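>>> 3D model of this:
(chains A, B and C)
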Amino acid sequence: MDALLYWVGLAAVAVNALTGVLDSGRKQMDLIGALLVGVATALGGGTIRDLLLDRNVFWVADQAYLITALGTGLITFFIARALTVPPKLFLIPDAIGLALFTIVGTQVALQWHTPWLAASLMGVITGVVGGVLRDILCNDVPLVFLQGELYATAAWVGALSLIGLQEIGVPPVSAAWAAMAIVLVLRLLAMRFHITLPAFGQPKAP
Amino acid sequence: MDALLYWVGLAAVAVNALTGVLDSGRKQMDLIGALLVGVATALGGGTIRDLLLDRNVFWVADQAYLITALGTGLITFFIARALTVPPKLFLIPDAIGLALFTIVGTQVALQWHTPWLAASLMGVITGVVGGVLRDILCNDVPLVFLQGELYATAAWVGALSLIGLQEIGVPPVSAAWAAMAIVLVLRLLAMRFHITLPAFGQPKAP
Amino acid sequence: MDALLYWVGLAAVAVNALTGVLDSGRKQMDLIGALLVGVATALGGGTIRDLLLDRNVFWVADQAYLITALGTGLITFFIARALTVPPKLFLIPDAIGLALFTIVGTQVALQWHTPWLAASLMGVITGVVGGVLRDILCNDVPLVFLQGELYATAAWVGALSLIGLQEIGVPPVSAAWAAMAIVLVLRLLAMRFHITLPAFGQPKAP
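As a prediction, this is how the structure comes out:
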């Protein structure tokens, strides 16, 4: 389980650094601005989780995460300047990053003996805070809060599934894969079929 | 004193979750966005205080706070969709939340042996950071920083009163009630009579 | 070295409180709003560094920093209301603050046995996060991320120089002064000659 968490975590960091750098292109940032937004997107969620749990911050303890974020960000920056990247292309990596981070975050919180509801929120925080930081740094209303296809909802359902599956005795590694699949499928279905939650300000009936 | 702090803290969490959810209605958020903004408003100030003091974060250690915030947020969301809530209606709960959080935050910092000036700032942080987070997440300039009726000022005066009253020998529970009353009365008077502090950019004389 | 770090740290806090308060003048803040933005600008970078390193937060442990920030902020507020301050005047104090904070932040991280790349990023964080917080609180895209004269880049080069100089045997105090000079000179040269990094969205050749 620990080795799985480690490699899945590195993959999620790379994917999030990529989306952070791509997104910063909308705001005329320079190389270092784009890199710092990429790093904040990649490491922000896990950092907040570790601060809340009073753990050692993962990328301070192990530089591999920071090197992955910076390296991916650098490569993305130069590729994105050379090629035109259609904006839809990174919705799928973003969904994968959401699934990976949510499950890693929930699992870390459970191992730290966090009560279950707080642990599920840690998963959501790990999954979505990177993107929230990215949007705040780019001075936008964070996308995750606006009405749109399920995002934080997909993460929360996945986090609760992980906890439920382990509770009924499913082995942790299988539960983790299943819960990641739930987040990913829910997010992709929501994008495909425009599934949304009820919003404020809407009349309840037409 | 500890039992008082606990119940006052839960009440402040409920009040702040309510104002956070109501406020998120201005930005076309969906259910989960509104809930997350409500939770951030309700738990944000105390979380920053606990991180700064290196305490265990209160809502990770005790899920009652998180359940209160989520439950209040959920009820508020559905009531606010059914009824039209006049915006002025939540200025008074907001003032009560400010008073409760400021005094709880200051008292926690004092019990943690924080020097007095830093402890008073912890009270202000606990009182106002939730609202600052709410405004940042909704992409507004935080209201508390703009010129307007006393808000952070009322909190700071109350926090310093709590410290002063205890210093001159007033029993802690009486000092806490008195200081909460000071914050609340100052805030309500400021709203009623439009009391403001000097601002930048204004001529000093007409 | 410790005494040097202490006084340099206090000077950097004063300089950053000054720039924070001056900057808040653009947004019609009142006295307490300006003071809180000044305090956040002055103490924000070091606070994030201490949280990430799991150290005691410097201004909670020693009130001298908080008193310096509040005192400088108060004096700046009243001077700035009486006189018109040309905006360019505070670019040089800001550059000095950047140099001071970056080197103090890197050195603190090294003493805390942080790996070198993470330590250099701690220096950048200590140097630039105060200004990022200032811009977020004023609801602007943080200047440091936009294309412009080298800022975070100057900080990063200085932080890496400090680590490199100590690695090749230069005594810590000399290395600290040299690295501060590197940040300051790089930033001033960049402002004088409009040196920038490559940005997104620009064609690579004209």
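>>> Just the element for whichever residue of chain A sits closest to chain C, please.
Closest approach between chain A and chain C, counting by CB to the nearest CB: residue A:33, at 3.4 Å. (Each C-beta comes from the backbone N, C-alpha and C, glycine too.) Per DSSP states H and E, residue A:33 falls inside helix A:31-53.
>>> what helices or strands is that helix leaning on?
helix A:2-24, helix A:58-61, helix A:64-82, helix A:91-111, helix A:116-137, helix B:31-53, helix C:31-53, helix C:152-167 (3 or more CB pairs under 8 Å, 6 or more residues apart in numbering or on different chains; DSSP states H and E).
>>> Now do the contacts for the nearest residue to residue A:162 once chain neighbours are set aside.
Spatial nearest neighbour of residue A:162, excluding adjacent residues (CB to CB, 6 or more residues apart in numbering or on different chains): residue A:179 at 3.8 Å. Residues near residue A:179 by CB atoms under 8 Å, 6 or more residues apart in numbering or on different chains: A:102, A:103, A:106, A:158, A:159, A:161, A:162, A:165.
>>> Show me how far stretch A:21-31 is from its chain's centre.
19 Å (CA atoms, centre = their mean, to the nearest Å).
>>> average pLDDT across that stretch?
Averaged over stretch A:21-31, pLDDT sits at 77.
>>> Just the buried positions in it, please.
Judged by neighbour count (16 or more other CB atoms under 10 Å in any protein chain shown), stretch A:21-31 contains these buried residues: A:21, A:22, A:23, A:24, A:25, A:27, A:28, A:29, A:30, A:31.
>>> does chain C sit close to the lowest-mean-pLDDT helix or strand in chain A?
Least confident helix or strand of chain A, by mean pLDDT, DSSP states H and E, is helix A:2-24 with a mean of 84. Yes: counting by CB under 8 Å from any CB of the partner chain, chain C is contacted by helix A:2-24 at residue A:24.
>>> what's the spacing between that helix and its chain's center?
8 Å.
>>> try stretch A:191-201
20 Å.
>>> Give me the contacts around it.
Contacts for stretch A:191-201 (CB under 8 Å, 6+ apart): A:91, A:95, A:147-150, A:153, A:189-190, B:24-25, B:28-32, B:34, B:77, B:80-81.
>>> Please list only the buried members of those.
Buried among those (16+ other CB under 10 Å): A:95, A:147-150, A:153, A:190, B:24-25, B:28-32, B:34, B:77, B:80-81.
>>> Now do the contacts for residue A:107.
Contacts for residue A:107 (CB under 8 Å, 6+ apart) come out as A:1, A:5, A:123, A:162, A:172, A:176.
>>> Would you reformat the contacts of residue A:179 as CSV and include distance to residue A:64 and pLDDT?
Formatted as CSV, the contacts of residue A:179 follow (distance: CB to CB, whole Å; pLDDT from 0 to 100):
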residue, distance to residue A:64, pLDDT
A:102, 21, 94
A:103, 19, 93
A:106, 22, 94
A:158, 25, 94
A:159, 25, 95
A:161, 29, 95
A:162, 24, 95
A:165, 29, 95
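>>> Ok, which of the helices and strands packed on helix A:31-53 comes nearest residue B:10?
Of all these, helix B:31-53 sits nearest to residue B:10, with 10.2 Å by CB to CB.
>>> so what's the residue nearest to residue A:13 when sequence neighbours are not counted scoring on pLDDT?
Take residue A:13 and drop its neighbours on the chain: the residue closest to it by CB to CB, 6+ apart is residue A:42, 4.6 Å away. Residue A:42 is assigned 92 on the pLDDT scale.
>>> got it, and residue A:204?
pLDDT, read off for residue A:204, is 38.
>>> What of residue A:147?
In this prediction, residue A:147 carries a pLDDT score of 60.
>>> Equivalent analysis for residue A:36, please.
As predicted, residue A:36 sits at a pLDDT of 87.
>>> That one is in contact with residue C:152, isn't it?
Yes: between residue A:36 and residue C:152 there is a contact under CB atoms under 8 Å: 6.3 Å.
>>> Pull the number of nearby residues for residue A:83.
A total of 8 residues lie near residue A:83 under the criterion other CB atoms under 10 Å in any protein chain shown.
>>> cool, and the one 5 residues further on?
Here the number of neighbours of residue A:88 (other CB under 10 Å) works out to 8.
>>> What ranges in chain A fall below the confidence cut-off?
Where chain A drops to pLDDT under 70, the residues are A:1, A:26, A:85-87, A:89, A:141-147, A:199-206.
>>> still on that earlier bit, would you list the helices and strands packed on helix A:31-53 in JSON lines and tack on distance to residue C:128?
Formatted as JSON lines, the helices and strands packed on helix A:31-53 follow (distance: least, CB to CB, whole Å):
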{"stretch": "helix A:2-24", "distance to residue C:128": "15"}
{"stretch": "helix A:58-61", "distance to residue C:128": "18"}
{"stretch": "helix A:64-82", "distance to residue C:128": "16"}
{"stretch": "helix A:91-111", "distance to residue C:128": "25"}
{"stretch": "helix A:116-137", "distance to residue C:128": "12"}
{"stretch": "helix B:31-53", "distance to residue C:128": "20"}
{"stretch": "helix C:31-53", "distance to residue C:128": "7"}
{"stretch": "helix C:152-167", "distance to residue C:128": "5"}
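>>> Mind checking the ones you listed for the one nearest to residue B:136?
With CB to CB as the criterion, residue B:136 lies closest to helix A:116-137 of these, at 6.4 Å.
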